[in-house]
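Engineer: With the sequence up front, the predicted model follows.
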Amino acid sequence: MKKITQISVVDLGSSKITCVIATRGEEDTSLRVVGVSSVPSRGIRKSQIVDIEDAIEAVTETVESAERMAGLSIKDVSISVSGIHIESQNSKGLVAVQDQGGEITSDDVTRVVEAARAVPLPTAREILHVIPRYFLVDNQEGIKDPVGMSGVRLEAEAHLITGSSVNLKNLSRVMSEIGVDTRAVTFAGLASSVATLTDTEKELGAVVIDLGGGTTSLCVYVDGALSHSAVIPVGAKNITNDIAIGLRVSLDSAEVIKRNLEPDEHINKVLDPKNLSSKKQADEIDLHKLGLKDAPRKISRKAVVEGIVRPRLNEIFELIKAELIKAGMGGKTPAGLVLTGGGSLTYGVTETARKILNMQARIATPSGLTGLIDEIKTPEYATVAGLLMLSNKEESTQSKSSFKLPKFSGKLPSSNSLKKVVDFIKSFLP
Ligand SMILES: Nc1ncnc2c1ncn2[C@@H]1O[C@H](COP(=O)(O)OP(=O)(O)OP(=O)(O)O)[C@@H](O)[C@H]1O
Ligand SMILES: [Mg+2]
(Lines give C-alpha, C1' and ligand atoms only; values in the text may rest on other atoms or scores of the structure.)
(Ligands and ions follow the chains in the order given, each with its own letter.)
Protein backbone atom coordinates (compact mmCIF):
# COMPACT_ATOMS: atom_id res chain seq x y z
CA MET A 1 0.00 0.00 0.00
CA LYS A 2 1.29 3.44 -0.92
CA LYS A 3 2.20 5.67 1.97
CA ILE A 4 0.39 9.01 2.16
CA THR A 5 2.04 11.69 4.27
CA GLN A 6 -0.22 14.19 6.00
CA ILE A 7 0.99 17.75 6.60
CA SER A 8 -1.06 20.16 8.73
CA VAL A 9 -0.46 23.80 9.55
CA VAL A 10 -2.10 26.51 11.66
CA ASP A 11 -1.56 30.26 11.15
CA LEU A 12 -2.56 32.27 14.20
CA GLY A 13 -3.11 35.75 12.75
CA SER A 14 -4.64 38.91 14.19
CA SER A 15 -7.59 38.79 11.78
CA LYS A 16 -8.09 35.09 11.15
CA ILE A 17 -6.89 31.72 12.39
CA THR A 18 -6.42 29.27 9.54
CA CYS A 19 -5.85 25.54 9.52
CA VAL A 20 -4.89 23.68 6.34
CA ILE A 21 -4.41 19.93 5.93
CA ALA A 22 -2.52 18.64 2.88
CA THR A 23 -1.34 15.22 1.74
CA ARG A 24 1.57 13.98 -0.32
CA GLY A 25 2.07 10.64 -2.04
CA GLU A 26 5.24 8.57 -1.77
CA GLU A 27 6.64 9.44 -5.19
CA ASP A 28 4.95 12.76 -5.86
CA THR A 29 6.38 15.52 -3.69
CA SER A 30 3.70 18.08 -4.59
CA LEU A 31 1.17 18.90 -1.90
CA ARG A 32 -2.56 18.39 -2.30
CA VAL A 33 -4.73 20.49 -0.02
CA VAL A 34 -7.59 18.37 1.40
CA GLY A 35 -8.93 20.49 4.26
CA VAL A 36 -9.12 24.25 4.82
CA SER A 37 -10.75 26.28 7.56
CA SER A 38 -10.41 29.91 8.56
CA VAL A 39 -12.25 31.55 11.46
CA PRO A 40 -12.13 35.16 12.69
CA SER A 41 -9.39 35.54 15.32
CA ARG A 42 -10.20 35.60 18.98
CA GLY A 43 -7.72 36.19 21.79
CA ILE A 44 -5.01 37.51 19.45
CA ARG A 45 -3.93 41.16 19.13
CA LYS A 46 -1.12 42.44 16.95
CA SER A 47 -0.26 38.80 16.19
CA GLN A 48 0.25 37.92 19.88
CA ILE A 49 -1.95 35.89 22.20
CA VAL A 50 -3.66 38.17 24.69
CA ASP A 51 -6.41 35.81 25.88
CA ILE A 52 -5.46 32.13 26.00
CA GLU A 53 -8.99 30.77 26.56
CA ASP A 54 -10.38 32.68 23.56
CA ALA A 55 -7.45 31.63 21.39
CA ILE A 56 -7.92 27.96 22.38
CA GLU A 57 -11.61 28.15 21.41
CA ALA A 58 -10.87 29.69 18.03
CA VAL A 59 -8.01 27.29 17.22
CA THR A 60 -10.15 24.30 18.27
CA GLU A 61 -12.95 25.49 16.01
CA THR A 62 -10.73 25.91 12.96
CA VAL A 63 -8.78 22.66 13.53
CA GLU A 64 -11.97 20.60 13.94
CA SER A 65 -13.54 22.16 10.89
CA ALA A 66 -10.46 21.44 8.70
CA GLU A 67 -10.40 17.86 10.05
CA ARG A 68 -14.06 17.37 9.12
CA MET A 69 -13.46 18.68 5.61
CA ALA A 70 -10.42 16.44 5.09
CA GLY A 71 -11.91 13.41 6.85
CA LEU A 72 -8.58 13.13 8.67
CA SER A 73 -7.46 13.83 12.18
CA ILE A 74 -4.46 16.00 12.95
CA LYS A 75 -1.66 14.52 15.04
CA ASP A 76 0.95 17.20 14.62
CA VAL A 77 1.11 20.69 13.14
CA SER A 78 3.47 23.42 12.09
CA ILE A 79 2.37 26.77 13.46
CA SER A 80 3.20 30.42 12.86
CA VAL A 81 4.47 33.01 15.31
CA SER A 82 4.60 36.77 14.86
CA GLY A 83 4.40 40.03 16.80
CA ILE A 84 6.82 42.83 17.61
CA HIS A 85 8.74 40.52 19.95
CA ILE A 86 10.24 38.97 16.81
CA GLU A 87 13.76 40.30 16.19
CA SER A 88 16.67 39.34 13.98
CA GLN A 89 20.43 39.61 13.88
CA ASN A 90 23.27 38.23 11.78
CA SER A 91 25.99 36.13 13.36
CA LYS A 92 29.16 34.22 12.50
CA GLY A 93 30.35 30.72 13.36
CA LEU A 94 33.84 29.23 12.98
CA VAL A 95 35.05 25.61 13.21
CA ALA A 96 38.12 23.61 12.18
CA VAL A 97 37.34 21.02 9.46
CA GLN A 98 37.53 17.61 11.15
CA ASP A 99 38.66 15.38 8.28
CA GLN A 100 42.47 15.03 8.18
CA GLY A 101 42.39 15.26 4.37
CA GLY A 102 40.51 18.53 4.69
CA GLU A 103 37.26 17.49 2.96
CA ILE A 104 34.25 19.31 4.41
CA THR A 105 31.37 17.04 5.43
CA SER A 106 27.75 17.81 6.34
CA ASP A 107 28.81 17.23 9.97
CA ASP A 108 31.22 20.18 9.74
CA VAL A 109 28.40 22.29 8.29
CA THR A 110 26.06 21.32 11.13
CA ARG A 111 28.77 22.22 13.66
CA VAL A 112 29.54 25.59 12.10
CA VAL A 113 25.85 26.54 11.99
CA GLU A 114 25.55 25.51 15.64
CA ALA A 115 28.55 27.73 16.35
CA ALA A 116 26.78 30.66 14.65
CA ARG A 117 23.87 30.05 17.00
CA ALA A 118 26.02 30.76 20.07
CA VAL A 119 25.21 34.43 20.57
CA PRO A 120 24.50 36.08 23.91
CA LEU A 121 20.73 36.53 24.16
CA PRO A 122 18.87 38.60 26.72
CA THR A 123 17.02 36.46 29.23
CA ALA A 124 13.57 35.27 28.22
CA ARG A 125 14.39 35.19 24.51
CA GLU A 126 14.68 32.09 22.33
CA ILE A 127 16.23 31.43 18.94
CA LEU A 128 13.53 30.49 16.45
CA HIS A 129 15.58 30.10 13.29
CA VAL A 130 19.24 29.86 12.36
CA ILE A 131 19.42 30.31 8.59
CA PRO A 132 22.85 30.08 6.94
CA ARG A 133 23.43 32.97 4.52
CA TYR A 134 26.74 31.80 3.09
CA PHE A 135 29.93 30.03 4.12
CA LEU A 136 33.63 30.88 4.01
CA VAL A 137 36.23 28.18 3.41
CA ASP A 138 39.77 29.29 4.31
CA ASN A 139 38.61 32.92 3.96
CA GLN A 140 37.04 32.40 0.52
CA GLU A 141 33.67 34.16 0.75
CA GLY A 142 30.20 33.59 -0.69
CA ILE A 143 30.09 29.76 -0.74
CA LYS A 144 26.53 28.38 -0.81
CA ASP A 145 27.29 24.71 -0.12
CA PRO A 146 30.75 23.84 1.20
CA VAL A 147 30.18 20.04 1.48
CA GLY A 148 32.87 18.20 -0.53
CA MET A 149 35.17 21.23 -0.74
CA SER A 150 38.69 21.16 0.71
CA GLY A 151 39.80 23.40 3.52
CA VAL A 152 40.86 23.57 7.13
CA ARG A 153 38.83 26.54 8.37
CA LEU A 154 35.04 26.68 7.88
CA GLU A 155 33.03 29.79 8.73
CA ALA A 156 29.28 30.45 8.47
CA GLU A 157 27.42 33.74 8.19
CA ALA A 158 23.92 33.11 9.53
CA HIS A 159 20.67 34.98 10.02
CA LEU A 160 19.09 34.48 13.45
CA ILE A 161 15.42 35.11 14.17
CA THR A 162 14.50 35.29 17.84
CA GLY A 163 11.28 35.61 19.81
CA SER A 164 10.21 36.17 23.38
CA SER A 165 9.86 33.08 25.55
CA VAL A 166 6.56 34.22 27.03
CA ASN A 167 4.92 34.44 23.62
CA LEU A 168 6.26 31.05 22.56
CA LYS A 169 5.11 29.56 25.83
CA ASN A 170 1.59 30.89 25.28
CA LEU A 171 1.51 29.35 21.80
CA SER A 172 2.69 26.01 23.16
CA ARG A 173 -0.02 26.13 25.81
CA VAL A 174 -2.74 26.70 23.24
CA MET A 175 -1.60 23.79 21.10
CA SER A 176 -1.10 21.42 24.04
CA GLU A 177 -4.61 22.17 25.30
CA ILE A 178 -5.93 21.14 21.90
CA GLY A 179 -3.97 17.91 22.11
CA VAL A 180 -1.88 18.11 18.94
CA ASP A 181 1.92 17.98 18.82
CA THR A 182 3.74 21.02 17.48
CA ARG A 183 6.45 19.90 15.11
CA ALA A 184 7.71 23.38 14.26
CA VAL A 185 7.15 27.06 15.02
CA THR A 186 7.94 29.36 12.11
CA PHE A 187 8.05 33.15 11.90
CA ALA A 188 4.94 34.03 9.84
CA GLY A 189 6.80 36.58 7.68
CA LEU A 190 9.41 33.97 6.77
CA ALA A 191 6.70 31.48 5.76
CA SER A 192 5.01 34.14 3.59
CA SER A 193 8.29 34.91 1.86
CA VAL A 194 8.86 31.22 1.07
CA ALA A 195 5.41 31.05 -0.57
CA THR A 196 5.72 34.20 -2.69
CA LEU A 197 9.30 35.08 -3.60
CA THR A 198 10.62 33.87 -6.96
CA ASP A 199 14.18 32.50 -7.26
CA THR A 200 15.15 35.47 -9.45
CA GLU A 201 13.84 38.00 -6.94
CA LYS A 202 15.66 36.19 -4.16
CA GLU A 203 18.95 36.20 -6.07
CA LEU A 204 18.65 39.84 -7.11
CA GLY A 205 17.51 40.98 -3.66
CA ALA A 206 13.96 41.85 -2.62
CA VAL A 207 11.83 42.84 0.37
CA VAL A 208 8.83 40.66 1.17
CA ILE A 209 6.19 42.66 3.05
CA ASP A 210 3.31 40.74 4.65
CA LEU A 211 0.67 43.34 5.43
CA GLY A 212 -1.48 41.53 7.97
CA GLY A 213 -4.41 42.73 10.03
CA GLY A 214 -2.49 43.72 13.16
CA THR A 215 1.14 43.72 12.08
CA THR A 216 3.38 44.10 9.05
CA SER A 217 6.25 41.60 8.66
CA LEU A 218 9.38 42.18 6.64
CA CYS A 219 11.89 39.70 5.23
CA VAL A 220 14.78 41.23 3.29
CA TYR A 221 16.71 38.98 0.91
CA VAL A 222 20.12 40.15 -0.32
CA ASP A 223 22.21 38.13 -2.83
CA GLY A 224 19.97 35.08 -2.41
CA ALA A 225 20.06 35.03 1.40
CA LEU A 226 17.71 36.21 4.13
CA SER A 227 19.50 39.16 5.72
CA HIS A 228 16.97 41.01 7.84
CA SER A 229 13.59 40.21 9.44
CA ALA A 230 11.33 42.48 11.47
CA VAL A 231 7.74 43.09 12.54
CA ILE A 232 6.08 46.52 12.62
CA PRO A 233 3.07 46.95 14.94
CA VAL A 234 0.75 48.50 12.36
CA GLY A 235 -1.48 46.59 9.94
CA ALA A 236 -4.52 46.83 7.70
CA LYS A 237 -6.91 46.85 10.69
CA ASN A 238 -5.58 50.34 11.40
CA ILE A 239 -6.97 51.42 8.02
CA THR A 240 -10.39 49.98 8.94
CA ASN A 241 -10.27 51.79 12.31
CA ASP A 242 -9.41 55.07 10.60
CA ILE A 243 -12.34 54.70 8.18
CA ALA A 244 -14.70 53.90 11.09
CA ILE A 245 -13.57 56.98 12.99
CA GLY A 246 -13.42 59.25 9.94
CA LEU A 247 -16.88 58.34 8.63
CA ARG A 248 -18.43 57.61 12.06
CA VAL A 249 -19.54 54.13 11.02
CA SER A 250 -19.17 50.72 12.70
CA LEU A 251 -15.98 48.66 12.21
CA ASP A 252 -17.96 46.13 10.16
CA SER A 253 -19.21 48.85 7.82
CA ALA A 254 -15.72 50.37 7.59
CA GLU A 255 -14.37 46.94 6.56
CA VAL A 256 -16.98 46.69 3.76
CA ILE A 257 -16.16 50.23 2.58
CA LYS A 258 -12.41 49.46 2.60
CA ARG A 259 -12.93 46.40 0.41
CA ASN A 260 -15.07 48.34 -2.09
CA LEU A 261 -12.85 51.30 -2.89
CA GLU A 262 -11.85 50.03 -6.33
CA PRO A 263 -13.70 52.22 -8.87
CA ASP A 264 -16.10 50.30 -11.05
CA GLU A 265 -14.30 49.58 -14.34
CA HIS A 266 -17.44 50.26 -16.32
CA ILE A 267 -17.83 53.72 -14.78
CA ASN A 268 -14.20 54.44 -15.59
CA LYS A 269 -14.70 53.51 -19.23
CA VAL A 270 -17.76 55.67 -19.79
CA LEU A 271 -16.30 58.47 -17.76
CA ASP A 272 -16.09 61.61 -19.79
CA PRO A 273 -13.79 64.08 -18.01
CA LYS A 274 -15.83 66.97 -19.37
CA ASN A 275 -19.08 65.54 -18.09
CA LEU A 276 -19.18 66.58 -14.46
CA SER A 277 -22.15 64.43 -13.50
CA SER A 278 -20.45 61.22 -14.72
CA LYS A 279 -17.31 62.27 -12.84
CA LYS A 280 -19.33 62.78 -9.67
CA GLN A 281 -20.99 59.39 -10.19
CA ALA A 282 -17.57 57.71 -10.48
CA ASP A 283 -16.45 59.32 -7.25
CA GLU A 284 -19.53 58.36 -5.26
CA ILE A 285 -19.93 55.13 -3.35
CA ASP A 286 -23.55 54.26 -2.60
CA LEU A 287 -23.32 52.61 0.81
CA HIS A 288 -26.92 51.43 0.77
CA LYS A 289 -26.10 49.43 -2.36
CA LEU A 290 -23.35 47.75 -0.32
CA GLY A 291 -26.00 46.84 2.26
CA LEU A 292 -24.79 49.35 4.87
CA LYS A 293 -27.75 50.96 6.54
CA ASP A 294 -25.89 52.48 9.50
CA ALA A 295 -23.89 54.74 7.22
CA PRO A 296 -24.74 57.84 5.18
CA ARG A 297 -26.20 56.97 1.82
CA LYS A 298 -23.36 58.29 -0.31
CA ILE A 299 -19.73 59.05 0.39
CA SER A 300 -16.94 60.41 -1.76
CA ARG A 301 -14.48 57.71 -2.82
CA LYS A 302 -11.77 60.35 -3.21
CA ALA A 303 -12.28 61.63 0.32
CA VAL A 304 -11.90 58.12 1.76
CA VAL A 305 -8.96 57.13 -0.44
CA GLU A 306 -6.99 60.37 -0.26
CA GLY A 307 -8.10 61.59 3.16
CA ILE A 308 -8.14 58.37 5.20
CA VAL A 309 -6.55 55.34 3.47
CA ARG A 310 -3.58 57.06 1.83
CA PRO A 311 -2.23 58.76 4.99
CA ARG A 312 -2.27 55.44 6.87
CA LEU A 313 -0.60 53.58 3.98
CA ASN A 314 1.99 56.38 3.83
CA GLU A 315 2.65 55.88 7.54
CA ILE A 316 3.04 52.09 7.16
CA PHE A 317 5.50 52.43 4.26
CA GLU A 318 7.42 55.23 6.01
CA LEU A 319 7.88 52.87 8.98
CA ILE A 320 9.08 50.15 6.60
CA LYS A 321 11.49 52.63 5.00
CA ALA A 322 12.88 53.60 8.42
CA GLU A 323 13.32 49.91 9.32
CA LEU A 324 15.19 49.21 6.05
CA ILE A 325 17.48 52.21 6.55
CA LYS A 326 18.13 51.29 10.19
CA ALA A 327 19.09 47.75 9.13
CA GLY A 328 21.42 49.07 6.40
CA MET A 329 19.35 47.43 3.66
CA GLY A 330 18.78 50.54 1.54
CA GLY A 331 19.68 50.05 -2.12
CA LYS A 332 20.39 46.33 -1.75
CA THR A 333 17.12 45.00 -3.15
CA PRO A 334 16.91 45.75 -6.90
CA ALA A 335 14.05 43.28 -7.45
CA GLY A 336 11.90 45.57 -5.29
CA LEU A 337 8.93 44.84 -3.08
CA VAL A 338 6.82 41.71 -2.93
CA LEU A 339 3.59 42.64 -1.14
CA THR A 340 1.41 39.94 0.39
CA GLY A 341 -0.98 39.36 3.32
CA GLY A 342 -4.63 40.51 3.27
CA GLY A 343 -3.61 44.16 3.60
CA SER A 344 -1.87 44.01 0.20
CA LEU A 345 -5.37 44.05 -1.30
CA THR A 346 -5.97 47.57 0.04
CA TYR A 347 -6.83 49.98 -2.74
CA GLY A 348 -3.75 51.99 -3.82
CA VAL A 349 -1.18 49.92 -1.94
CA THR A 350 1.33 49.26 -4.75
CA GLU A 351 1.27 52.89 -5.86
CA THR A 352 1.99 54.11 -2.30
CA ALA A 353 4.69 51.47 -1.76
CA ARG A 354 6.46 52.42 -5.00
CA LYS A 355 6.31 56.11 -4.23
CA ILE A 356 7.58 55.97 -0.66
CA LEU A 357 10.19 53.26 -1.02
CA ASN A 358 11.18 54.20 -4.56
CA MET A 359 11.17 50.58 -5.70
CA GLN A 360 9.04 48.51 -8.01
CA ALA A 361 6.29 46.54 -6.25
CA ARG A 362 4.04 43.61 -7.04
CA ILE A 363 1.21 41.94 -5.13
CA ALA A 364 2.02 38.27 -4.61
CA THR A 365 -0.36 35.34 -4.31
CA PRO A 366 1.02 32.05 -2.97
CA SER A 367 1.67 29.39 -5.59
CA GLY A 368 2.83 25.78 -5.72
CA LEU A 369 -0.12 23.97 -4.08
CA THR A 370 -2.80 21.77 -5.67
CA GLY A 371 -6.16 20.36 -4.49
CA LEU A 372 -8.75 22.46 -2.69
CA ILE A 373 -6.90 25.71 -3.18
CA ASP A 374 -9.72 28.02 -4.34
CA GLU A 375 -10.09 29.49 -0.86
CA ILE A 376 -6.38 29.90 -0.21
CA LYS A 377 -5.04 31.27 -3.47
CA THR A 378 -5.12 34.87 -2.28
CA PRO A 379 -2.42 36.93 -0.52
CA GLU A 380 -4.17 36.45 2.86
CA TYR A 381 -3.03 32.82 2.82
CA ALA A 382 0.65 33.31 1.98
CA THR A 383 1.66 32.30 5.53
CA VAL A 384 -0.21 28.97 5.58
CA ALA A 385 1.07 28.18 2.08
CA GLY A 386 4.65 28.85 3.24
CA LEU A 387 4.18 26.74 6.38
CA LEU A 388 3.01 23.86 4.18
CA MET A 389 5.93 24.24 1.79
CA LEU A 390 8.53 24.32 4.56
CA SER A 391 7.04 21.26 6.26
CA ASN A 392 6.88 19.42 2.94
CA LYS A 393 10.49 20.25 2.19
CA GLU A 394 11.54 18.84 5.51
CA GLU A 395 9.42 15.70 4.99
CA SER A 396 10.60 15.00 1.45
CA THR A 397 14.33 15.69 1.85
CA GLN A 398 14.91 14.71 5.45
CA SER A 399 18.65 14.13 5.02
CA LYS A 400 19.78 17.12 2.99
CA SER A 401 17.04 19.62 3.65
CA SER A 402 18.10 23.20 4.16
CA PHE A 403 15.07 23.59 6.39
CA LYS A 404 15.41 20.85 8.97
CA LEU A 405 12.85 20.76 11.72
CA PRO A 406 13.68 18.86 14.88
CA LYS A 407 10.91 16.43 15.69
CA PHE A 408 8.84 17.15 18.73
CA SER A 409 6.94 14.17 20.00
CA GLY A 410 4.51 13.97 22.84
CA LYS A 411 2.34 16.76 24.16
CA LEU A 412 3.77 20.19 24.46
CA PRO A 413 4.57 21.35 27.96
CA SER A 414 1.69 23.33 29.31
CA SER A 415 3.30 25.76 31.65
CA ASN A 416 6.14 24.51 33.77
CA SER A 417 9.07 23.80 31.54
CA LEU A 418 10.38 26.64 29.44
CA LYS A 419 13.39 24.61 28.36
CA LYS A 420 11.17 22.08 26.63
CA VAL A 421 9.60 24.86 24.61
CA VAL A 422 12.97 25.41 23.02
CA ASP A 423 13.10 21.76 21.95
CA PHE A 424 10.32 22.10 19.45
CA ILE A 425 11.52 25.38 18.03
CA LYS A 426 12.68 25.03 14.50
CA SER A 427 16.24 25.53 13.37
CA PHE A 428 17.01 25.84 9.70
CA LEU A 429 20.15 23.83 9.22
CA PRO A 430 21.79 22.92 5.97
N1 LIG B 1 -10.10 42.39 -0.49
C2 LIG B 1 -9.54 43.12 0.49
N3 LIG B 1 -9.39 44.44 0.35
C4 LIG B 1 -8.82 45.18 1.33
N5 LIG B 1 -8.37 44.67 2.49
C6 LIG B 1 -8.48 43.34 2.68
C7 LIG B 1 -9.07 42.49 1.69
N8 LIG B 1 -9.05 41.22 2.16
C9 LIG B 1 -8.47 41.28 3.39
N10 LIG B 1 -8.14 42.54 3.70
C11 LIG B 1 -7.55 43.01 4.96
O12 LIG B 1 -6.46 42.23 5.32
C13 LIG B 1 -6.33 42.20 6.74
C14 LIG B 1 -6.11 40.77 7.19
O15 LIG B 1 -4.95 40.30 6.59
P16 LIG B 1 -4.38 38.87 7.00
O17 LIG B 1 -5.47 37.86 6.88
O18 LIG B 1 -3.16 38.65 6.20
O19 LIG B 1 -4.04 39.14 8.54
P20 LIG B 1 -3.64 38.12 9.67
O21 LIG B 1 -2.64 37.16 9.15
O22 LIG B 1 -4.85 37.54 10.33
O23 LIG B 1 -2.97 39.13 10.73
P24 LIG B 1 -1.46 39.34 11.19
O25 LIG B 1 -0.57 38.75 10.14
O26 LIG B 1 -1.29 40.83 11.33
O27 LIG B 1 -1.37 38.67 12.51
C28 LIG B 1 -7.61 42.79 7.32
O29 LIG B 1 -7.34 44.05 7.87
C30 LIG B 1 -8.52 42.89 6.11
O31 LIG B 1 -9.33 44.04 6.18
MG1 LIG C 1 -0.62 37.11 8.97
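Structural biologist: It's in. Numbering: from 1, shown residues only. Ligands and ions are numbered 1, 2, ... in the order given.
Engineer: and stretch 226-241, does that touch ligand 2?
Structural biologist: No - contact between stretch 226-241 and ligand 2 is absent, the nearest approach being 8.3 Å (criterion: Cβ under 5 Å from the ion). The way it works is simple: take the backbone N, C-alpha and C, and place the C-beta from them, glycine included.
Engineer: residue contacts, the residue nearest the centre of the chain?
Structural biologist: For the chain, the residue nearest the mean C-alpha position is residue 189 (2.7 Å; Cα atoms, centre = their mean). Counting by Cβ atoms under 8 Å, 6 or more residues apart in numbering, residue 189 makes contact with 82, 86, 208, 210, 217-219, 229, 231.
Engineer: Close to ligand 2: what parts of the stretch 151-300 of the chain are there?
Structural biologist: Going by Cβ under 5 Å from the ion, the residues of the stretch 151-300 of the chain near ligand 2 are residue 212.
Engineer: how about the helices of the stretch 151-300 of the chain, start to end?
Structural biologist: 165-178, 188-196, 199-204, 236-247, 251-258, 265-270, 276-283 (DSSP state H, counting those that start in this stretch).
Engineer: Let me have the ones you listed in JSON lines, adding mean pLDDT as columns.
Structural biologist: What follows is these, written out as JSON lines (pLDDT from 0 to 100):
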{"stretch": "helix 165-178", "mean pLDDT": "94"}
{"stretch": "helix 188-196", "mean pLDDT": "97"}
{"stretch": "helix 199-204", "mean pLDDT": "97"}
{"stretch": "helix 236-247", "mean pLDDT": "97"}
{"stretch": "helix 251-258", "mean pLDDT": "95"}
{"stretch": "helix 265-270", "mean pLDDT": "55"}
{"stretch": "helix 276-283", "mean pLDDT": "65"}
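Engineer: List phi and psi for residue 83.
Structural biologist: Backbone torsions for residue 83, taken as degrees, to the nearest 10, come to phi 120, psi 170.
Engineer: what's the neighbour count on it?
Structural biologist: 22 (other Cβ atoms under 10 Å).
Engineer: thinking it is in contact with residue 167, fair?
Structural biologist: Yes - contact criterion Cβ atoms under 8 Å: residue 83 and residue 167 qualify, at 6.0 Å.
Engineer: what touches both of the two?
Structural biologist: The contact lists of residue 83 and residue 167 share residue 48, where a contact means Cβ under 8 Å, 6+ apart.
Engineer: quick one: low-confidence ranges for the chain?
Structural biologist: 1, 265-281, 396-430 (pLDDT under 70).
Engineer: Can you give the domain ranges for it?
Structural biologist: 87-163, 198-363 (automatic domain parsing).
Engineer: No further queries at this time; thank you.
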